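Colleague: My questions concern the predicted model and sequence given below.
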Amino acid sequence: MATTAETTHHVGLRANAVSLWGDFVVSIANVAPSSSVAYTLAILVAFAGHIAPLAVLITGVGMFLCAMGYSSLNRWKAHAGAPYVWVSEAVSPKVGAGAGFLNIFVSTFANVGNITLAGAYLLVVLFPNDTFSKPVTWLVAAAIMGVLVYISIRGIRPSVWLQTAFIVIEYSAITSFVVLALIHEASHAGGATLPSLSDFAFSKAVAGVGGFKGLAEAAVPCGLLYLGWEATAVLGEESTNRNINPGRAMLLGTGFLTIWYTFLIVVFEGVSSTHNVLANGTNVLAYAGTLLVPGFLGRALPLAVLIAVIGTCQIQMVEPSRILYALARDKVIPRIFGFINKVHQTPWAALLILAAIPPILLIPYLANSSANTAIGYIISADGMFGLFLYFVIALSSVWFYRAYLRRSAVTFLVRGVLPLLGGLFMGAIFFYGLTTQTAVVAWVSVAGVALAFILGVLVVWRAPADSPFFADIEERRKADRMGSADAETESDLAQENA
């Protein structure tokens, strides 16, 4: 591997390697709808009863508004280090680097949980009647991660092809079971109920299981449900029509996921009685599979969950690898993270390091109950990190364009009001979530966010003065930061329209 490596000074990421479709695939693949529904359905029903779809819909709209901020910033600059570059320009390099580290935390810690589930789920799908020791589970999980990092190093195009295949299999299986679920629900067997428009009635929400408080509490796991749609933001340097496609893919992704998630939740929450849905917890889709198609074919639903988890594992290596690469290229962190494979034009060193972390952390997670608990707290808090990241970037987009908002009513709405509402909604979910999570998870959430921004301050403080990134920011700020940014944005848009 080392013989094919060069620093980013000689070769960069492969330009024009990802189409709009590829960007869209990455956006929805990183969210993994099947596995996300499996893990959160019972929680949502517990909080909000049969109006859980309303919470999913409201939160999805908030995510879409947040994606508008991401899209606006991508129009200004398509960059592998998107979150840290955008926030650095809008606020300061220290805060920007902190946002970059927070994004890395979100993906990497999530992968510890993902790889655990991937190994266990694969064994269940292949050998449903057998039990396996923890070392076997670890070996399977590590092997999965090994295959995924190999494909990731081979290039972004093979990664997108793999994700497309995963999506076809996953969505085919889920769609088949949706049809079966609706047929089953029409019979009302075992307390099954068909979807109803009343599931979206706000009056029913207030008078429902948890009332308005239950709806608000359901918004927290709903926020975690959507995490990951932003992954394509870091593919700007590898995308065709780089200033448009990644942003457009994020908007398409959040829009599609809002409709798809709402539909899945409203269908599968009625597949059996509320008691049975709650009793099966995170195993609810496996239960639904055996209920709808007893026997071997019933395993197709947990197979869809497995494929979704494996697909997410790969994208959650790809996303932070680009941020680390960009930070190293700008001389903010050690240069090893910026090493590029000159054949495949991927940040191979960053990918290998990110692939090794989950299996390494999985050893104490599986072997020691105390470590299991501690790492479990971090995984539980990881979604909270993501919500805070969306909050920061959406508000940063509004602040970046603040002088530009007076140009027209449409600009004021699209780049000001709507992203601001989305960002404030993410912030509200985060801060409200601190009161609904256990005390330990709440403290871990705050500590993780603080650690990311402390690291941001430290690495920027220690970065060399000749960093090209800082010089670029300083030059623009000397020329009146926002005026220069406005001119640059108008120039970009004029070129795109041309």
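Modeller: Cool, the structure landed.
Colleague: Not counting its neighbours along the chain, what's nearest Ser19?
Modeller: Thr240 (5.5 Å; C-beta to C-beta, 6 or more residues apart in numbering). Backbone N, C-alpha and C define where each C-beta goes, glycine included.
Colleague: Now for the one you found: which residues touch it?
Modeller: Applying C-beta atoms under 8 Å, 6 or more residues apart in numbering, we find Thr240 in contact with Asn16, Val18, Ser19, Leu20.
Colleague: Roughly how far does the nearest residue to the first one once chain neighbours are set aside sit from Leu13?
Modeller: Leaving aside its chain neighbours, Asn16 sits nearest to Thr240 (4.9 Å; criterion: C-beta to C-beta, 6+ apart). Using C-beta to C-beta, to the nearest Å, one obtains 13 Å as the distance from Thr240 to Leu13.
Colleague: Could you do Ser34 as well?
Modeller: 30 Å.
Colleague: So for these two, which sits in the more crowded spot?
Modeller: Just comparing Ser34 and Leu13: by other C-beta atoms under 10 Å the higher neighbour count belongs to Ser34, 25 against 21.
Colleague: any idea which helix or strand carries that one?
Modeller: With elements taken from DSSP states H and E, the one containing Ser34 is helix 33-48.
Colleague: Show me where this structure has its strands.
Modeller: In the chain, the strands defined using DSSP state E lie at 5-6, 340-341.
Colleague: Quickly name whichever of the contacts of Thr240 is closest to Ala439.
Modeller: Of all those, Ala439 sits closest to Val18, with 42.6 Å by C-beta to C-beta.
Colleague: Provide a list of residues in contact with Ala67.
Modeller: Contacts for Ala67 (C-beta under 8 Å, 6+ apart) come out as Trp229, Glu230, Gly247, Met250, Leu251, Gly253, Thr254, Gly422.
Colleague: Quick check: the fifth one touching Leu65?
Modeller: No. Assessed by C-beta atoms under 8 Å, Leu251 is found out of contact with Leu65, at 10.1 Å.
Colleague: Show me which of those two is the more surrounded one.
Modeller: Leu65 (21 against 18).
Colleague: if I look at that one, how far off is Ser397?
Modeller: Where Ser397 is concerned, Leu65 sits at a distance of 11 Å (C-beta to C-beta).
Colleague: Based on its surroundings, how many neighbours for the nearest residue to Ile333 once chain neighbours are set aside?
Modeller: With C-beta to C-beta, 6+ apart as the criterion, Ile333 has its nearest non-adjacent residue at 4.6 Å, and that residue is Leu327. Under the neighbour criterion other C-beta under 10 Å, Leu327 is assigned a count of 27.
Colleague: And Ile43, by the same measure?
Modeller: With other C-beta under 10 Å as criterion, Ile43 counts 21.
Colleague: Contacts only, for it.
Modeller: Here Ile43 is in contact with Ala218, Pro221 (criterion: C-beta under 8 Å, 6+ apart).
Colleague: Quick check, pLDDT for it.
Modeller: Per-residue confidence (pLDDT) for Ile43: 71.
Colleague: So it versus Val220, what's the distance?
Modeller: For Ile43, the distance to Val220 equals 9 Å [C-beta to C-beta].
Colleague: shared neighbours of Leu65 and Ser397, anything?
Modeller: Pro419, Gly423.
Colleague: Touching, Val392 and Gly100? I think so.
Modeller: No. Between Val392 and Gly100 there is no contact under C-beta under 8 Å: 10.8 Å.
Colleague: shared neighbours of the two, which are they?
Modeller: Joint contacts of Val392 and Gly100 (C-beta under 8 Å, 6+ apart) are Val87.
Colleague: give me the low-pLDDT residue ranges for this protein?
Modeller: By pLDDT under 70, the low-scoring segments of the chain are 1-10, 38-39, 42, 47-50, 199, 201-215, 280-286, 295-301, 369-372, 476-498.
Colleague: hey, which helix is longest across it?
Modeller: helix 93-126 (DSSP state H).
Colleague: Now do the buried residues in it.
Modeller: With burial defined by 16 or more other C-beta atoms under 10 Å, the residues of helix 93-126 counted as buried are 93-125.
Colleague: Check stretch 447-465 too.
Modeller: Per 16+ other C-beta under 10 Å, stretch 447-465 contains these buried residues: Gly448, Val449, Ala452, Phe453, Leu455, Gly456, Val459, Val460, Ala463.
Colleague: How far away from the center of its chain is it?
Modeller: Computed by C-alpha atoms, centre = their mean, to the nearest Å, the chain-centroid distance of stretch 447-465 equals 22 Å.
Colleague: And for stretch 337-346?
Modeller: Distance of stretch 337-346 from its chain centroid, counting by C-alpha atoms, centre = their mean, is 24 Å.
Colleague: Stretch 74-84 now?
Modeller: 17 Å.
Colleague: Straight-line length of that stretch, end to end?
Modeller: End-to-end distance for stretch 74-84, by C-alpha to C-alpha, to the nearest Å: 12 Å.
Colleague: these two touch, right, Tyr84 and Gly96?
Modeller: Yes. Using C-beta under 8 Å, Tyr84 is in contact with Gly96, at 4.6 Å.
Colleague: any shared contact partners between these two?
Modeller: The contact lists of Tyr84 and Gly96 share Gly456, where a contact means C-beta under 8 Å, 6+ apart.
Colleague: Ala326 reaches Lys77, doesn't it?
Modeller: No. If you go by C-beta under 8 Å, Ala326 and Lys77 don't touch, sitting 11.2 Å apart.
Colleague: Looking at these two, which one has more neighbours?
Modeller: Legend: neighbour count by other C-beta under 10 Å for Ala326 and Lys77, higher for Ala326 (28 against 19).
Colleague: Not counting its neighbours along the chain, what's nearest the more buried one?
Modeller: Gly81 (2.7 Å).
Colleague: Please apply the same query to Leu20.
Modeller: Per C-beta to C-beta, 6+ apart, closest to Leu20 is Asn245, 4.5 Å.
Colleague: got it, and Val18?
Modeller: Of all residues not flanking Val18 in the chain, Ser239 sits nearest, at 4.7 Å (C-beta to C-beta, 6+ apart).
Colleague: do you know how far the residue in the chain sticking out farthest from the centre is from Thr193?
Modeller: Within the chain, the residue lying farthest from the chain centre (C-alpha atoms, centre = their mean) is Ser187, at 37.0 Å. Distance, Ser187 to Thr193, by C-beta to C-beta: 11 Å.
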